[in-house]
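Asks: Got a predicted structure here, sequence first:
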Amino acid sequence: NAGVTQTPKFRILKIGQSMTLQCTQDMNHNYMYWYRQDPGMGLKLIYYSVGAGITDKGEVPNGYNVSRSTTEDFPLRLELAAPSQTSVYFCASSYRGRRTGELFFGEGSRLTVL
Amino acid sequence: EDKVVQSPLSLVVHEGDTVTLNCSYEVTNFRSLLWYKQEKKAPTFLFMLTSSGIEKKSGRLSSILDKKELFSILNITATQTGDSAVYLCAVDTSGTYKYIFGTGTRLKVLA
């Protein structure tokens, strides 16, 4: 009963480094999302995908890239890490059709950029 | 611009108290409103509301939606220390396929 799985759970990066946060879901959900959550704040949408091969920007896409080659996987790429990208990142998925289901979250990835 | 506003931002109560958390929204193409509880890690789902006036209940928690006045409330009765968390409200919008989150209400329940 895996649900949404994110890796890594923790990572420390130096300024200018790049990395990819992995996200996979096994619920056959069509929609997937990446959010970031800064301390004491709500969730800000970075990117989302409505299906394999289709992605779109959210509220705060600068400094990030995504791809969706399969239904299951939705990796988030950070290019040239900056201290402003220090945050907790959540991947989420949902099924959307005539009825919409709830949003399921991964456990989160805590990223620190020094 | 779509927005979701939660109030209060934070709340401290004693065990046994009843609390009411508020969520108001201004969005185009409203589809549903969701409540989540967030402790140390990922948000966990509480309720999804799509119709006005129908109360959802789960134990000591209940929630209701008013689509005319564009708000929802989350009630917690007989609070316990385990209710201490951030409560997030999100609105699902059909036009943009996005869930818009409020900043959350931080609830602390003292023993």
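Replies: Now that the structure is in, tell me what you want to look at.
Asks: pLDDT of stretch A:75-93, averaged?
Replies: Across stretch A:75-93, pLDDT averages out at 96.
Asks: which residues touch the residue nearest the centre of chain A?
Replies: For chain A, the residue sitting closest to the mean C-alpha position, by CA atoms, centre = their mean, is residue A:34 at 2.8 Å. Taking CB atoms under 8 Å, 6 or more residues apart in numbering or on different chains, we find residue A:34 in contact with A:21, A:23, A:45-48, A:58, A:64, A:66, A:74, A:76, A:89-92. (Glycine included, C-beta is placed from N, CA and C.)
Asks: Look at it and give its secondary structure.
Replies: Here residue A:34 is recorded as strand under DSSP: H, G, I helix; E, B strand; the rest coil.
Asks: which residues does it form a beta bridge with?
Replies: residue A:47, residue A:91 (DSSP bridges).
Asks: got any ranges where chain B has weak pLDDT?
Replies: The model of chain B has pLDDT under 70 over residues B:95-96.
Asks: what residues does it put near chain A?
Replies: B:31-32, B:34, B:41-45, B:48, B:88, B:90, B:92, B:97-104, B:106 (CB under 8 Å from any CB of the partner chain).
Asks: now these: which count as buried?
Replies: Among those, the ones that count as buried by 16 or more other CB atoms under 10 Å in any protein chain shown are B:31-32, B:34, B:42-43, B:48, B:88, B:90, B:92, B:97-104, B:106.
Asks: could you pull out the strands for chain A?
Replies: A:4-7, A:10-13, A:19-25, A:31-37, A:43-51, A:54-57, A:64-66, A:76-78, A:87-94, A:104-105, A:109-113 (DSSP state E).
Asks: can you pull the buried residues of the longest one?
Replies: This means strand A:43-51. Result for strand A:43-51 [16+ other CB under 10 Å]: buried residues A:43, A:45-49.
Asks: and if you look at stretch A:89-105?
Replies: Quick answer for stretch A:89-105 (16+ other CB under 10 Å): A:89-94, A:96, A:100-105.
Asks: TSV please, covering the residues you listed and showing distance to residue B:20.
Replies: Below are these laid out as TSV (distance: CB to CB, whole Å):
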residue	distance to residue B:20
A:89	31
A:90	27
A:91	32
A:92	27
A:93	31
A:94	27
A:96	30
A:100	26
A:101	27
A:102	22
A:103	24
A:104	27
A:105	25
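Asks: of these, closest to residue B:3?
Replies: residue A:103 (18.1 Å; CB to CB).
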